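Participant: what shape does this take:
(2 chains)
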Amino acid sequence: MTMKRRTFLKNTFATGVLGVAVGAGLLKPSDVLAAWPESAFAAKSLEDALSGLNAGSASDSGKIKIKAPDIAENGAVVPITVSTDMSGVEKISVLVEQNPQPLAASFDLTSKCDGFISTRIKMGKTSDVVAVVQAGGKSYKAKKTVKVTIGGCGG
Amino acid sequence: MAKNSIKIKAKNKGEKTEVKALIKHNMETGLRKNKKTGEKIPPHFIQEVKCEHNGSVVFTANWGIAVSKNPYLSFKFTGGNKGDTITVSWVDNKGKTDSNSTKVK
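Facilitator: As a prediction, this is how the structure comes out:
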């Protein structure tokens, strides 16, 4: 029993130290993820998020199709599909204008990929969903309003 | 994290291969409060998902807190054949990671 108690204490201490290291910013997971656009995700407004993605000057395009429900009963799970027939799509991002942090997800596509992504996102309240497509060095965007009856952020 | 938090389906339709993945993850936003204590629940969410086809990356997803709990992901690419290996792996903001692979059907 004594041995087990020792081991237990040791382990607890070790985890504690690691936890402190993470807390103090010594071991930031973001160091491992060089590609993760931190500034764009941390942005609190749509404009800031767009400029964080280098898409501040995105022009409206009819070539982007957003498939999302007109009315989402549950804001915690809103299925979103973005597709485009543009060629050379490099990046597709999904933003929700009224969320505390508008950028929901950003997808890096290689040349093999179709301009198609599908995922499920959270929405705090009724808002425009903005899809940004970056292709051939230019940015395009399209939006669609989704009504939310029960919010999915906070509670 | 339990093993095999990822379920993958990859289907070949002529030239294109469609990959669908379902990941089991809490995706905690950091904005929610614990109703009993009133303290904020710390954020815990997947930041990056990498999808590989026969060992080379074809698709990367960067996610923020607004992706739903137990996230779903789907994409299409050309050049896949039946029997090819698709590997999906994720990393979350606490540095946890998991991966799983499947064969294209």
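
Participant: give me the pLDDT for residue A:82.
Facilitator: For residue A:82, the model assigns a pLDDT of 90.

Participant: can you check the one 10 residues further on too?
Facilitator: Reading off the confidence values, residue A:92 has pLDDT 88.

Participant: who's in contact with it?
Facilitator: Listed by CB atoms under 8 Å, 6 or more residues apart in numbering or on different chains, the contact partners of residue A:92 are A:82, A:84, A:106-107, A:109, A:115, A:117, A:131-134. Placement of C-beta: from N, CA and C, glycine included.

Participant: what about it, which SS state?
Facilitator: In three-state terms, and counting by DSSP: H, G, I helix; E, B strand; the rest coil, residue A:92 is strand.

Participant: what does residue B:65 give?
Facilitator: coil.

Participant: which parts of chain B sit against chain A?
Facilitator: Selection of chain B residues close to chain A by CB under 8 Å from any CB of the partner chain yields B:16, B:29, B:31-33, B:47-48, B:53, B:57-69, B:71-79, B:91-95.

Participant: again, 7 Å this time
Facilitator: B:16, B:29, B:31-32, B:47-48, B:57-69, B:71-79, B:91, B:93-95 (CB under 7 Å from any CB of the partner chain).

Participant: filter those residues down to the buried ones, PyMOL style.
Facilitator: Entered in PyMOL, the line below selects the buried ones among the residues of chain B next to chain A, by 16 or more other CB atoms under 10 Å in any protein chain shown:
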select buried, chain B and resi 16+29+31+47+48+58+59+60+61+62+63+64+65+66+67+68+69+71+72+73+75+76+77+91+93
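
Participant: where does the chain dip in pLDDT?
Facilitator: In the absence of a named chain, this looks at chain A. A:1-35, A:150-155 (pLDDT under 70).

Participant: please refer instead to chain B.
Facilitator: For chain B, the stretches flagged by pLDDT under 70 are B:1-3.

Participant: strands of that one, residue ranges please.
Facilitator: Using DSSP state E, the strands of chain B run over B:6-13, B:16-23, B:46-53, B:56-63, B:72-78, B:85-92, B:97-103.

Participant: for chain A, which strand is longest?
Facilitator: Across chain A, the longest stretch assigned as strand under DSSP E is strand A:138-150.

Participant: give me the phi and psi for the closest residue to residue B:98 other than its chain neighbours.
Facilitator: Spatially, and ignoring its direct neighbours in sequence, residue B:98 is nearest to residue B:5 (4.8 Å; CB to CB, 6 or more residues apart in numbering or on different chains). Per-residue torsions, residue B:5: phi -80, psi -10 (degrees, to the nearest 10).

Participant: what's near enough to touch residue B:5?
Facilitator: B:23-25, B:98 (CB atoms under 7 Å, 6 or more residues apart in numbering or on different chains).

Participant: go with 6 Å
Facilitator: Applying CB atoms under 6 Å, 6 or more residues apart in numbering or on different chains to residue B:5 gives the contacts B:23-24, B:98.

Participant: any of these buried? List them.
Facilitator: B:23, B:98.

Participant: closest one to chain A out of the contacts of residue B:5, please.
Facilitator: Taking CB to the nearest CB as the measure, chain A sits nearest to residue B:23 out of those, at 10.6 Å.
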